[in-house]
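In: Model the structure of this input:
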Amino acid sequence: MVCSVEVHIHQIFISPGHNYFGHHGQPAGDSATVEVNCIKCVAGRGIAGDRFFDFKEDYKGQITFFSWDDYEAIKKELNVPRLSSGAFRRNVILSGVNLLELVGCRFELQGIEFVGTGEAKPCYWMNEAVAPGAEAWLAGRGGLRAKIIGDGMLKAGPTQLVISKRELSPVSAG
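Out: Residues are numbered from 1 along each chain as shown. A predicted model of the protein is given here:
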C-alpha cells in the first residue's frame, strides 16, 4: 500500500561532533548544531558533514527526524520560549506526520528513500540541553531514527512524504 501526505520540513541541522553521544560521566561536548537549508543524504552512510556520517556499517541512526509540533509543545510545557529546535540534536524538524508510525516503514521524501528504524529515545542529557524534566516529557516523542536507502539532496520547505511499504522483517539493530 502506498500513501502520500503533505509535510513541511521546517529546519535541518547537522553537527560535526558529538556533544552527548559517548560522553557519559564526562562533560558535554561543545560542537555546534548548524542549521542548513539542505543536506546531502548518502545511502548506507548518513548525512555528509554530520557526526554520524560513516559512523558504522548499517547504523540505524544515519538520520533523525523530530516533530515540529512536539518542539512547540515542549517550549510551552517546560516554559522555555526561546528554546532552539537544534537543542534536540535531531537532523530534520518537520510537521504533518506522526513519526513513530514510520517505524518499520520505507518512506520517501524528495525522491530519497529511508526506512524508519525506531524512536530516537531521549536521554538524560535532554534535561541539560532543553530544561529539567525534558527527558521524561520526551518519552515517546523523541523523534525517529532512520537509515538512508537512496542518495539525494533534502531541502527545507513543503514536500510530500510517501510511505511505500512496511518492512516484512524487523529492522536490524545497529
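In: all contacts plus neighbour counts: C-alpha atoms, from now on.
Out: OK.
In: Was I right to think Asp54 contacts Gly46?
Out: Yes. Asp54 lies in contact with Gly46 (Cα atoms under 8 Å); the separation is 6.5 Å.
In: centroid residue for this structure?
Out: Nearest to the mean C-alpha position of the chain, counting by Cα atoms, centre = their mean, stands Thr64 at 1.9 Å.
In: Now do the contacts for that one.
Out: By Cα atoms under 8 Å, 6 or more residues apart in numbering, the contact set of Thr64 is Arg90, Asn91, Val92, Ala120, Gly143, Leu144, Arg145, Ala146.
In: one more time with 6 Å, if that's ok
Out: Arg90, Asn91, Leu144, Arg145 (Cα atoms under 6 Å, 6 or more residues apart in numbering).
In: for the chain, longest strand please?
Out: If each strand of the chain is counted by residues according to DSSP state E, the longest one is strand 3-14.
In: how far is it from where the chain is centred?
Out: 11 Å (Cα atoms, centre = their mean, to the nearest Å).
In: same question, stretch 122-135
Out: Taking Cα atoms, centre = their mean, one finds stretch 122-135 lying 16 Å from the centre of the chain it belongs to.
In: what's the answer for stretch 149-162, then?
Out: Between the centre of stretch 149-162 and the centre of its host chain there is 13 Å, according to Cα atoms, centre = their mean.
In: Tell me the buried residues in that stretch?
Out: Residues of stretch 149-162 classed as buried by neighbour count (16 or more other Cα atoms under 10 Å): Ile149, Asp151, Gly152, Leu154, Lys155, Ala156, Gln160, Leu161, Val162.
In: any idea which of the residues you listed is closest to Val42?
Out: Each of the buried residues of stretch 149-162 was checked against Val42 using Cα to Cα; the closest is Asp151, at 4.7 Å.
In: How about the closest one: what's its closest non-neighbour residue?
Out: Val42 (4.7 Å; Cα to Cα, 6 or more residues apart in numbering).
In: Could you count how many residues lie near that neighbour?
Out: 20 (other Cα atoms under 10 Å).
In: repeat for the one 10 residues further on
Out: Each residue near Phe52 was counted by other Cα under 10 Å, and the total is 20.
In: cool, and Phe53?
Out: Other residues lying near Phe53 total 19 when counted by other Cα under 10 Å.
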